[in-house]
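Enquirer: Here is my input, please return the structure:
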Amino acid sequence: MSRLRDTIIRRVRTVAVILTGGIGTIVFSMLTVSLLRLNIAKGQGLDSLTPTLIGCLLVGGILIGLCCLTVFHALSFWRPISLKKALRLVE
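Expert: The predicted structure is shown next:
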């Protein structure tokens, strides 16, 4: 039962991380496009749109990565972990 449970948790964890990354990528790309459209409508040139695009890519990439790491580690806590040998906290 334990081996089956570990296999299920690994597969669910992989799917959850992929879904989190995919949804995060779609959301941040939509936000980036709407921000760029807004700035283009204001009449800004390509030289002022470049920092906006790079900033959105960096912030989006960092936040998506953090969300994926959070999901990965949150689902890792479902697995029971047993140690063959443990040390006392005093040692």
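
Enquirer: CA only for contacts and neighbour counts going forward, please
Expert: OK.

Enquirer: Geometric centre of this structure: which residue is closest?
Expert: The residue lying closest to the centre of the chain (Cα atoms, centre = their mean) is C68, at 2.7 Å.

Enquirer: Just give the nearest non-adjacent residue to it, would you?
Expert: V17 (5.3 Å; Cα to Cα, 6 or more residues apart in numbering).

Enquirer: neighbours of that neighbour, just the number please.
Expert: Other residues near V17 number 21, with proximity taken as other Cα atoms under 10 Å.

Enquirer: following the helix or strand containing it, which helix or strand comes up?
Expert: Assigned by DSSP states H and E, V17 falls within helix 2-41. Note on helix 2-41: by DSSP H and E, the next helix or strand toward the C-terminus is helix 46-76.

Enquirer: who touches stretch 20-28?
Expert: C56, G60, I64, G65, C67, C68, V71 (Cα atoms under 8 Å, 6 or more residues apart in numbering).

Enquirer: Appreciated, that's everything.
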